[in-house]
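**Q** From the sequence below, what's the structure:
(one chain, ligands or ions: 1)
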Amino acid sequence: MDSLIQIRRDLHQIPELGFQEFKTQKYLLDKIAKLPQQFLEVTTWETGVVVKISGSSPEKTIGWRADIDGLPIIEETGLPFASTHEDNMHACGHDCHMTIALGLVKAFAENQPKHNVIVYFQPAEEGPGGAEPMLNWLKQERPDLLPDEIYALHIAPEYPVGTVATRAGLLFANTSELFIDLKGLGGHAAYPHKTRDMTVAAANLVLQLQTIISRNVNPLDSAVITIGKLTSGTVQNIIAENARLEGTIRTLSADAMNEVKRRIEAVCAGIEASFECSIDIDYGAMYYEVNNTETCANNLLSFAKSFEGCNAVECPPAMTGEDFGYFLKEIPGALFWAGANCDHGLHHAKLSPDENLLAFNVDFVEQFIRNI
Ligand SMILES: CC(=O)N[C@@H](CCC[C@H](N)C(=O)O)C(=O)O
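**A** Numbers count the residues shown, from 1 in each chain. Presented below is the predicted three-dimensional model:
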């Protein structure tokens with residue numbers, strides 16, 4: 001197999017959106033096919049790949065999950081191995097996640113583990129969500145490929161390489177996508193009184209949505225509403241008949257999510273009345289919170305404390321979302337932040353993780369799994 005860095009750079013060049021990871025899947029399958037096959041069983045599901053490595057005297061099956069999709073971001077790193085898919089980028093580190101998972105498959109293929117190990121290359125983490133349908137497929141059609149415990153990592157730009165940061169219990173938020181379409185009445189820019197201007201309505205709606213966070217959510221709780229995209233109208237001298245808000249909601253509990261949605265609907269009804277328009281709300285994909293199993297997270301942290309060169313951190317929860325939460329809802333396990341030491345954050349067009357994280361995490365996770 002090529003070096004971890006070469007693999008990461010190859011994958012970085014071909015980011016694909018959720019459930020369109022065709023080149024990525026082929027790349028993964030090609031790399032896996034070049035490894036010793038004696039202990040391996042390779043299966044595909046949609047654009048994902050599942051690799052089972054049979055243990056020598058298995059008492060259980062340990063799962064490792066890596067997400068494989070990219071984001072619709074135009075890369076601005078200027079790197080020689082930048083994305084060749086103009087509109088997409090691995091701006092959330094899934095190129096690194098896949099590389100580490102391939103490194104694990106290689107390590108276990110060459111040196112058989114005691115327990116069975118299953119590595120899940122899962123599509124569509126950024127949306128519309130691959131974990132829940134993958135888990136349903138496993139339960140319904142391949143229960144033999146279900147693990148007893150499951151783990152995953154996510155790169156963390158703000159921590160130095162060698163950091164393993166996690167906590168028992170809630171690590172990542174509940175999420176729901178949010179798409180709001182406004183329909184009014186377009187017309188000539190010079191005759192606003194004969195129209196229902198959806199640019200003005202949408203601008204008001206964006207501001208009013210933020211009052212849900214400041215005025216409706218308990219200040220001792222937490223929630224986020226982010227409108228990441230706002231579109232309206234067609235041209236500079238026509239009043240906009242349509243507008244669309246695209247965003248996401250984050251909460252630390254399912255109850256808070258229900259309450260935020262109830263208020264979004266009330267605020268939208270108010271906008272409909274005040275701007276004489278109609279509004280359609282679509283919540284898109286929802287992800288269950290990432291709730292680390294106490295024993296698994298604590299074992300991971302104490303192993304990290306004993307691992308040479310590792311900076312073990314007990315970290316606070318974050319408002320990030322991860323559909324890995326669906327695995328943890330049903331299977332004991334934990335997710336950790338893996339230090340990636342870079343100036344730009346996740347989902348930034350200049351994200352450039354320190355590639356030293358690859359070798360460190362292959363080694364760390366391999367030893368952790370062998371020690372379970
Ligand atoms: C780790 C990470 O960045 N995950 C994404 C998950 C997105 C879920 C969904 N598309 C949404 O926006 O709600 C994140 O944005 O936290």
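**Q** Determine if any part of the longest helix seen in the chain is in contact with the ligand.
**A** Taking DSSP state H as the assignment, the helix of the chain that covers the most residues is helix 254-275. No - for helix 254-275, no contact with the ligand is found by C-beta under 6 Å from any ligand atom; the gap never falls below 11.0 Å. For every residue, glycine as well, the C-beta is placed using N, CA and C.
**Q** Convert that helix to CSV, retaining C-alpha atoms only.
**A** Extracted C-alpha coordinates of helix 254-275, given in CSV (Å, rounded to 0.1, in the frame of the first residue of the first chain):
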residue,chain,number,x,y,z
ALA,A,254,-34.3,16.2,22.1
ASP,A,255,-36.7,18.3,24.2
ALA,A,256,-34.8,21.5,23.3
MET,A,257,-34.9,20.5,19.6
ASN,A,258,-38.7,20.1,19.8
GLU,A,259,-39.1,23.5,21.5
VAL,A,260,-36.8,25.3,19.0
LYS,A,261,-38.8,23.8,16.2
ARG,A,262,-42.1,24.8,17.8
ARG,A,263,-40.8,28.4,18.0
ILE,A,264,-39.5,28.4,14.4
GLU,A,265,-43.0,27.5,13.3
ALA,A,266,-44.5,30.2,15.4
VAL,A,267,-42.0,32.8,14.1
CYS,A,268,-42.7,31.7,10.5
ALA,A,269,-46.5,32.1,11.1
GLY,A,270,-45.8,35.6,12.3
ILE,A,271,-43.8,36.4,9.1
GLU,A,272,-46.6,35.0,7.0
ALA,A,273,-49.1,37.3,8.7
SER,A,274,-46.9,40.4,8.7
PHE,A,275,-45.5,40.1,5.1
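**Q** what does it rub up against?
**A** Applying C-beta atoms under 8 Å, 6 or more residues apart in numbering, the external contacts of helix 254-275 come out as 174, 176, 178, 180, 182, 184, 196-198, 200-201, 204-205, 208-209, 211-212, 216-217, 221, 223, 225, 249, 251, 277-279, 281, 283, 286, 289.
**Q** 6 Å instead?
**A** 174, 201, 205, 208, 212, 216, 221, 223, 249, 251, 279 (C-beta atoms under 6 Å, 6 or more residues apart in numbering).
**Q** The third one: neighbour count?
**A** Using other C-beta atoms under 10 Å, the number of residues around L205 comes to 25.
**Q** that older thread, buried ones only from the contacts of helix 254-275, please, as a ChimeraX command.
**A** Command for ChimeraX, covering only those of those found buried under the criterion 16 or more other C-beta atoms under 10 Å:
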select :174,201,205,208,212,216,223,249,251,279
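**Q** which among the contacts of helix 254-275 gets closest to E330?
**A** N174 (16.2 Å; C-beta to C-beta).
**Q** what about the longest helix of the chain, average pLDDT?
**A** Averaging pLDDT along helix 254-275 gives 97.
**Q** rewinding a little: strands - which of the contacts of helix 254-275 land there?
**A** 174, 223, 249, 251, 279 (DSSP state E).
**Q** Looking at the residues you listed, which is nearest G325?
**A** Out of those, the member with the shortest distance to G325 (by C-beta to C-beta) is N174, at 8.0 Å.
**Q** Which strand residues bridge that closest one?
**A** T251 (DSSP bridges).
**Q** Now for it: which residues touch it?
**A** 251, 254, 257, 289.
**Q** And for E125?
**A** 67, 69, 323.
**Q** ditto for S278
**A** Contacts of S278 by C-beta under 6 Å, 6+ apart are K183.
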